[in-house]
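>>> Attaching a predicted model along with its sequence, questions to come.
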Amino acid sequence: MKSPSERSNEDIDSQRNFMEAREPSELIMCLVLACAYLGLAKYCWVPLLVAKNWKLLINVEGFFITISLLAVLVGVRPYLNPSNLQLSNKGIKYLGPYWPRRKTVNWDQVLRLYLSAELIIILYKPNPKRKRTWPLIIPSIYLADRDKIPDAITEFCPIEPIIMTSPALISRVTFAVLFLFIVIWMLELLIS
């Protein structure tokens with residue numbers, strides 16, 4: 001049986017880890033998508049080569065090959081650089097899915113903490129002598145057991161987090177449509 005001092009040391013050193021789940025089905029779907037685009041590139045190669053339209057050949061083949069490489073990179077990324085979140089009595093350590101360095105924020109640096117089921121926003125001040133605050137945005141949608149993250153944060157965080165609700169379905173659809181229009185508009189600008 002452990003003494004009370006050993007138990008208190010365990011409480012001080014305790015932490016919760018949330019790692020990104022690696023789904024083989026996502027990797028397989030990304031590889032299937034990459035193969036489909038490489039098949040389209042192979043299918044379009046001969047007619048474009050016969051037409052001797054070099055600009056169109058480079059644009060079409062470049063597009064298909066770029067999309068297939070991007071699909072492979074998106075599928076392999078969780079195996080090479082999985083995102084993870086560590087919560088402890090000292091603070092937060094977060095490694096995002098698309099940047100290679102771990103970000104550490106101590107609890108005494110945190111000014112405000114916004115918490116929802118899909119997103120965590122932390123406003124912190126790395127240097128207490130300066131006025132500048134920095135945001136740390138953690139998309140918890142990548143992490144496994146994300147439904148347990150709010151309970152773990154409220155357990156360790158010394159300040160009261162501000163609970164946010166997730167956006168409604170109509171808001172998500174609106175943002176997706178706006179994003180699609182912006183992408184189409186940018187592609188039109190690049191083509192013309």
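Good, I have the coordinates. Numbers count the residues shown, from 1 in each chain.

>>> So residue 111, which state does it fall into?
strand (DSSP: H, G, I helix; E, B strand; the rest coil).

>>> how close does the nearest residue to residue 115 once chain neighbours are set aside sit to residue 170?
Excluding its sequence neighbours, the residue lying closest to residue 115 (C-beta to C-beta, 6 or more residues apart in numbering) is residue 161, at 4.3 Å. Where C-beta positions appear, they are placed from N, C-alpha and C, glycine not excepted. With distances taken as C-beta to C-beta, to the nearest Å, residue 161 is found 26 Å from residue 170.

>>> All the strands of the protein, in order from the start?
Ranges of strands within the chain are 15-19, 84-88, 91-95, 103-106, 110-115, 119-124, 134-139, 162-163, based on DSSP state E.

>>> now the second one, how far from the chain's geometric center?
Taking the mean C-alpha point of strand 84-88 and that of its whole chain, the gap between them comes to 15 Å (C-alpha atoms, centre = their mean, to the nearest Å).

>>> and what of the first one?
When C-alpha coordinates are averaged (C-alpha atoms, centre = their mean), strand 15-19 and its chain have centres 16 Å apart.

>>> Mind giving me the packing neighbours of that strand?
strand 84-88, helix 149-156 (3 or more C-beta pairs under 8 Å, 6 or more residues apart in numbering; DSSP states H and E).

>>> again, 7 Å this time
If you count contacts as 3 or more C-beta pairs under 7 Å, 6 or more residues apart in numbering; DSSP states H and E, strand 15-19 packs onto strand 84-88.

>>> how big is the angle separating the strand it packs on from strand 134-139?
Using axes from the mean of the first three to the mean of the last three C-alpha atoms, to 10 degrees, the inter-axis angle of strand 84-88 relative to strand 134-139 is 120 degrees.
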